[in-house]
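S.K.: Below are the sequence and a predicted model for it; my questions follow.
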Amino acid sequence: MQGEMVSFKSQSGTCQGYLALPESGQGPSVIVLQEWWGLVDHIKDICDRFAAAGFVALAPDLYHGESTTSPDDAGRMMMAINIERTANDLRGAVDFLLAHPANTSNKVGTVGFCMGGQLSLFAACSNEQVGACVNFYGIHPDVTPDIASLQAPVLGFFAENDSSVPPSAANQLASELKAAGKKVRIHIYPNADHAFFNNTRPEVYNQAYAEDAWDKTLKFFREELKEK
């Protein structure tokens, strides 16, 4: 790991997060949002990868110190998350990055995976300072983004064999966004499973699709996150 844990202010108090900075010392900023496991090493590694690509990357700890490797525990933790506090923490993360001396963009990007994918869209719909949103197979039954308030373009990645977020759900999201006049591009990878991007889970990881989605994500953020 090349980043470090930091603290930032939230309307709900203080939040911790993992911050990775580019070698150049400056770059556009992105918020990386965790899967239901918590702020685990995989999410920190994604921040480091963004930093290596020239971005300032922050992964807020939305479980506030808790994480797990148990699917049962992860499910309980996801369902127990306090949506109001999470919204405050996300706003705090946006403000922290925009004020950070390493940040060069006038808005931040958000990207999330599974639970974090839905929270990425939620954050973009709740904060006009979000300039680009990436959603990897996002799901959370209690998180309802206010699509009418969305100002950022959306890039989505989904999997054909995903039983949690099937292609029908991805297509419905795309239809809702387009009907509301929003910019959206959705990719559904054939014969892929939920969490195909997670290289710590060999039973579902698909290297070719993960690399393709990563390249598309970097290009998207570089195009959409403008300098101050």
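M.R.: Alright, I've got the coordinates. Numbers count the residues shown, from 1 in each chain.
S.K.: quick one: contacts for the residue nearest to S105 when sequence neighbours are not counted?
M.R.: Once flanking residues are discounted, S105 sits nearest to P28: 3.7 Å by CB to CB, 6 or more residues apart in numbering. No exception for glycine: its C-beta is placed from N, CA and C like everyone else's. Taking CB atoms under 8 Å, 6 or more residues apart in numbering, we find P28 in contact with G54, F55, V56, N103, T104, S105, V108, G109, F221, R222, L225, E227.
S.K.: do you know how far the second one is from F158?
M.R.: Yep, that's F55 we're talking about. Distance from F55 to F158, counting by CB to CB, to the nearest Å: 23 Å.
S.K.: Among the contacts of P28, name the buried ones.
M.R.: Among the contacts of P28, those scoring as buried are G54, F55, V56, N103, T104, S105, V108, G109, F221, L225 (criterion: 16 or more other CB atoms under 10 Å).
S.K.: On the strand side of things, show who the third one bridges to.
M.R.: So the one you mean is V56. Counting by DSSP bridges, V56 is bridged to S29.
S.K.: I'd guessed it sits against V32; true?
M.R.: No - using CB atoms under 8 Å, V56 is not in contact with V32, being 10.9 Å away.
S.K.: so can I have CSV of the contacts of P28 showing pLDDT?
M.R.: Shown next, in CSV, are the contacts of P28 (pLDDT from 0 to 100):
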residue, pLDDT
G54, 97
F55, 98
V56, 98
N103, 98
T104, 98
S105, 97
V108, 98
G109, 98
F221, 98
R222, 97
L225, 97
E227, 88
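S.K.: Give me the subset of those residues lying in strands.
M.R.: In strands, defined here by DSSP state E, the members of the contacts of P28 are V56, V108, G109.
S.K.: on that earlier part again, quick one: the residue nearest to S105 from K226, how far?
M.R.: Here the criterion is CB to CB. By it, P28 lies 8 Å from K226.
S.K.: which residues are in contact with both of those two?
M.R.: Residues touching both P28 and K226 by CB under 8 Å, 6+ apart: S105.
S.K.: Name the residues contacting each of V56 and V32.
M.R.: What both V56 and V32 touch, as defined by CB under 8 Å, 6+ apart, is an empty set.
S.K.: Determine the number of other residues adjacent to S175.
M.R.: Counted with other CB atoms under 10 Å, the neighbours of S175 add up to 12.
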